[in-house]
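> quick one, what's the 3D model for this:
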Amino acid sequence: MTIRRFRRGDHETVITELGIDGGPTYVLVHGVGMGHRTWSDLAETLARSGRVLALDLPGFGDAPEPEESLDMASSGAYLGELVATESPGEPVVLVGHSMGTQIVAETAAQRPELVAAVILIAPTINRRERTAGMQALRLVQDLAFSHLKVLALGVRYYVQAGPRWYFAKLADMLAHRIELVLPRIRARTLVVRGEHDQVAPRDWAELVTALLPDGRLVEVAGRGHETMITAGAEVARLVAAHAAGEPVGHPVAQPVPTGRRERPDTRPATTGDGVPWWRAARWWAADYLYAGWRHLAAPFDRRDARHWQRGDDSLPEVVLLPGIYEHWTFLRPLAERLHRAGHRVRVVHGLGANRRPISATAALLGRALSRRSAPPAGRVIVGHSKGGLVGKQLLVDELQRADATGSAPGAELGLLGVVAICTPFGGSSRARFFFADRSLLALLPGDATIHALGEAREVDARIVSVFGRWDPHIPDGSELPGARNIEVPVAGHFRVLGAPETARAVLDGIAGLAEQEGARVANAPEAAEATKAPAETAATAAAAPTPS
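Residues are numbered from 1 along each chain as shown. Predicted coordinates for the structure are as follows:
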């Protein structure tokens, strides 16, 4: 074993080298607050067949703390210089863990000629939880599965780094968007995740893998975020096999292209959403003024909605679902525009404050819709916030019944799909502020129902997600991989409902779902017969919510 230092300016890295010549060169890049000893078992296993360079990055482990922190892109460039110096003319295998995956990804994207293969272990940061609070919560949850060795190393390294430097690097991590870098990595890449990793959940690891041009995913059973510590030898075998070109793990399909425009983080941002505080405050105030006005107007809104039930029979019927604590009149501006476009529109009565569990609400709505014959052109659920989650749950329930009976999905209720507006498909980290309200806590990203709905990807192609440019209630966004995603140029969670751009996006989404169903029926004529239903006749029973 040899130890030496690499220095550029006041940034110094301590390199611990072990292993033999003649095999691959592995460069091991640790996570935030850690150091080269976190790789001990993995490094010793890899050293039997190759050369291993385990790093202590500037400010961590035995490396001195520089005056200023490098952001992730600059850290990637710095690592590229180190690799070019340490392994001239020979591409290396880059192995990163947690924060190290962000640095490794940048190096692989910036300097492809230096990299033979890449391994990303527990990649960060999950874009749906890009806040310091959520990362701290996930780390605490992950500790429930941690070994004493992990805790001992963690305490040693975190004390050594100190809080100032730790939080400086955490800020760099939160500002970085690895999902924008991944498509630029040319090297073969393996994503490794522990089964119980709360920091890098399965859906995030799958998205990371799908965004890679040549990516594969493997999961280590029974392990958490620090899987390379608790299962070092096992992970080392995966790393070596991938470096040798063996097909480790499995590929993940690319997500369907979305309508959302990714923007680089070039704006001055002091909120967790990447929005200047003064702009966020203005948008937030406007959003709550709109919501307050709709709430105050609801008791006095006596206009009958039954005239919306008349419309063009060749167009799908629309069933409107409000969110938590929303009266159906919240959706009146949208309903008026949909009706003017020719759609028959029904609103759902009987949900009260809509505080029931998502699955229970979906079951009630399913029973209500089943008592009313499906129209020939089918139905589309248009839901706001939690209403979109209820709609997805109904699609999942319908699919399960179809699998059990052998019928076509959506045949029983005539459902073509769901148009969801400002819906927290990945949960909302801000739900934690409403700790006294179970109905809102059920929207936390770690909730079992949110997780189960996230796993039900087979219905995502029948969902259109519509969302604004900024949402104070869903800082992690409403984008749903596998669905059609449409961003409208309006900020807010409630104000979006009254915008004409939202109505156009919803109409476009409904038309797309109808075309999608038409194509499916054309390709399966026998399924078309199964989905035909007589004109609606019966009213909904009073025991269940009533679409009217």
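> show me where the chain dips below the pLDDT cut-off.
136-163, 254-275, 302, 409-410, 435, 523-548 (pLDDT under 70).
> quick one, domains of it?
Domain ranges of the chain: 2-243, 307-547, per automatic domain parsing.
> dump the ones you listed into a markdown table; add mean neighbour count as well.
For the C-beta atoms, the positions are set from N, CA and C on the backbone; glycine is no exception. Output for the domains of the chain, formatted as a markdown table (neighbours: other C-beta atoms under 10 Å):
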| stretch | mean neighbour count |
| --- | --- |
| domain 2-243 | 20 |
| domain 307-547 | 20 |
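> and stretch 8-23, end to end?
Distance across stretch 8-23, first residue to last, is 28 Å (C-alpha to C-alpha, to the nearest Å).
> no wait, stretch 313-326
With C-alpha to C-alpha applied, stretch 313-326 spans 29 Å between its terminal residues.
> circling back: reformat the domains of the chain as JSON lines; add distance to residue 301.
Below are those laid out as JSON lines (distance: least, C-beta to C-beta, whole Å):
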{"stretch": "domain 2-243", "distance to residue 301": "35"}
{"stretch": "domain 307-547", "distance to residue 301": "5"}
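> closest to residue 299 out of the ones you listed?
Among the domains of the chain, the nearest to residue 299 by C-beta to C-beta is domain 307-547 (8.5 Å).
> show me what the top helix by length along the chain packs onto, helices and strands only.
Counting by DSSP state H, the longest helix found in the chain is helix 500-523. Helix 500-523 is packed against helix 332-340, strand 379-384, strand 415-421, strand 463-467, strand 484-487, helix 525-531, with contacts defined by 3 or more C-beta pairs under 8 Å, 6 or more residues apart in numbering; DSSP states H and E.
> got the contact list for the very next helix or strand once past the third one?
To tie it back to what came earlier, the one meant is strand 415-421. Tracing the chain C-terminally past strand 415-421 and defining elements by DSSP states H and E, one meets helix 438-441 next. Contact with helix 438-441 is made by 324, 353-356, 431-432, 434-435, 447, as judged by C-beta atoms under 8 Å, 6 or more residues apart in numbering.
> okay if I get the residues you listed as TSV plus distance to residue 214?
Listed next are those as TSV, based on distance: C-beta to C-beta, whole Å:
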residue	distance to residue 214
324	43
353	49
354	45
355	46
356	45
431	37
432	38
434	43
435	44
447	34
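> list just the nearest of the residues you listed to residue 517.
Among those, residue 354 lies closest to residue 517 (C-beta to C-beta), at 27.6 Å.
> show me which strand runs longest in this structure.
Counting by DSSP state E, the longest strand found in the chain is strand 11-19.
> could you point out which element follows that strand?
In N-to-C order, the element after strand 11-19 by DSSP H and E is strand 25-29.
> can you tell me what sits against that following strand?
Counting by C-beta under 8 Å, 6+ apart, 19, 36, 39, 42-43, 46, 50-55, 57, 79, 82-83, 86-87, 90, 92-97, 100, 103-104, 239, 243 sit against strand 25-29.
> what angle separates it from strand 11-19?
Computed with axes from the mean of the first three to the mean of the last three C-alpha atoms, to 10 degrees, the direction of strand 25-29 lies at 140 degrees from that of strand 11-19.
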